[in-house]
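> got a sequence here, can you model it:
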Amino acid sequence: MRFILPVLDQSQSSGMVNENEWFLEPMESKGTLFGLKLDGERLHAEQSAFQHIEIYQTETFGKLMVIDGCVMLTDRDNFLYHEMIAHPALCLHPNPRRVLIIGGGDCGTLREVLRHPQVESAVQVDIDERVTRLAEEYFPALCDSNDDARAQLLFDDGIAYVRNAADQAFDLIIVDSTDPVGPAEGLFNRAFYAQCHRALADDGILVQQSESPLIHLELIQQVHASMKGEGFAATRLVNFPQPVYPSGWWSATLAFKQAEGAQRQADSARVEAISADTLYFNAATLNGALALPNFVAKALAEKA
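Numbers count the residues shown, from 1 in each chain. Here you go, the predicted model:
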């Protein structure tokens, strides 16, 4: 089967459904194309106050959420992202009691955070309430912890929320954002990282989803350099598979306020306990995720 697609000049992805009923997401600037075969009509589409949101049923990946033409998540593989943006930092931190999630409107990261009994409070701040309401309707398993007494869901500007937060208010800040365009663009700059540094406790960790090591390595270098430029003592990259995102390989950057935090070993008892309920995360996959291929390690060392 051959698909003929229009040429796109956007630097970011812009998805479409072609006549053969595939959802296709080309990234013209990187020369890539990802597709999923659909099963029936589109389930939902709306323009919220902030972005265009669509829900599809696919043949092999379950339900699919698309925002502004870009794949956000599917039933089949979202566990990879949600587990790996949450559990490595939560197991490396000595006592993660107070967690802030910026973005994360589908609530999957919140669910993973609240698997940890040490967490006493988890505040999730997403600018678009409609993402959460649609997740509750179409991806209910991701929202299992929304009613947890420790959870607080706010629909507001995450950048402003961090700016107004008290000093050292959180032990862990997780930035579960979309690509660095549109509403998420301000989450990838030094001013935001400076506010996160101020709002974190002395042993705090900032986690930022940081795109693909294969095709966004320059962005990852910039993220690490910017975090260090705003006072974080050390950074580490967590890398993991993510089939529905560009290149199929994704990452999260961990920034530590204290240099020794980056050298700390994960709490083995905590890793073992969490692994009883996870689909991907365990001691072995954590060690593998923190091990960097040579070209990535060299690129980050050059910007150190």
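> could you use CA atoms for every contact and neighbour count after this?
Fine.
> quick check, central residue of the chain?
Against the mean C-alpha coordinate of the chain, by Cα atoms, centre = their mean, the closest residue is D176 at 3.7 Å.
> which residues touch that residue?
85, 101-104, 109, 208-209 (Cα atoms under 8 Å, 6 or more residues apart in numbering).
> for K257, same thing?
K257 sits next to 197, 200, 202-205, 231-234 when contact means Cα under 8 Å, 6+ apart.
> if we can go back for a sec, what pLDDT does the model give the residue nearest to the centre of the chain?
pLDDT, D176: 96.
> ok, now how distant is it from A252?
With the distance defined as Cα to Cα, to the nearest Å, D176 ends up 9 Å from A252.
> and for the two, which residues touch both?
By Cα under 8 Å, 6+ apart, the residues touching both D176 and A252 are 85, 208-209.
> my read is that A166 contacts A199, right?
Yes: assessed by Cα atoms under 8 Å, A166 is found in contact with A199 at 6.1 Å.
> between these two, which one's more packed in?
A199 (23 against 12; other Cα atoms under 10 Å).
> now do the contacts for that one.
162, 165-170.
> list the contacts of the longest helix seen in the chain.
Using DSSP state H to define each element, the chain has its longest helix at helix 78-92. The contact list for helix 78-92, computed with Cα under 8 Å, 6+ apart, reads 96, 108-109, 112-113, 116, 172, 174, 176, 205, 207-209, 238, 240-242, 252, 254, 261, 264-268, 270-271, 278-281, 286.
> select only the buried ones of these in PyMOL?
For the buried members of the contacts of helix 78-92, the matching PyMOL selection, counting by 16 or more other Cα atoms under 10 Å, is:
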select buried, resi 96+108+109+112+113+116+172+174+176+205+207+208+209+238+240+241+242+252+254+261+266+267+270+271+280+281+286
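> of the contacts of D176, which is the nearest to I55?
G104 (16.8 Å; Cα to Cα).
> so how far is I127 from the closest one?
Taking Cα to Cα, one finds G104 at 10 Å from I127.
> then V71?
Taking Cα to Cα, one finds V71 at 18 Å from I127.
> higher neighbour count, those two?
Between V71 and I127, counted using other Cα under 10 Å, V71 has the larger neighbour count: 24 against 21.
> in which helix or strand does the more buried one reside?
Using DSSP states H and E, the element containing V71 is strand 70-74.
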